[in-house]
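[1] The following comprises the amino acid sequence and a computationally predicted model.
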Amino acid sequence: MDNVPHKWVQMMKESIKSIAPEYCSFRMLKDYVRNYYPSVCVYAAEPERQLAGIEGVCLPTNPFR
């Protein structure tokens, strides 16, 4: 016996086939830019932004138009 869980491997292959078209690196990049980077940017720049009197988000709300 080769100790490979063949049923599990087959199940994983089928799962990947069924969801792979929904995911790509471009989608991941869009998700990060839209959901994570704006808040990180605002947080990181806040002291300098306060000194400069700048308000608002430092990234466009939708950079992928």
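    Looks like it came in fine.
[2] just for this structure, where's the confidence low?
    The chain contains residues with pLDDT under 70 at 1, 38-46, 49-50, 54-65.
[3] what about the helices in it?
    Under the criterion DSSP state H, helices of the chain are mapped to 6-19, 25-35, 37-52.
[4] Make CSV from these and add mean neighbour count to it.
    C-beta here means a position set from N, CA and C on the backbone, and glycine is covered the same way. Converted to CSV, the helices of the chain look like this (neighbours: other CB atoms under 10 Å):
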stretch, mean neighbour count
helix 6-19, 10
helix 25-35, 11
helix 37-52, 12
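[5] And residue 32, how close does it get to residue 25?
    10 Å (CB to CB, to the nearest Å).
[6] Equivalent analysis for residue 36, please.
    Taking CB to CB, one finds residue 36 at 15 Å from residue 25.
[7] just residue 14 next, same as before
    Using CB to CB, residue 14 is found at 23 Å from residue 25.
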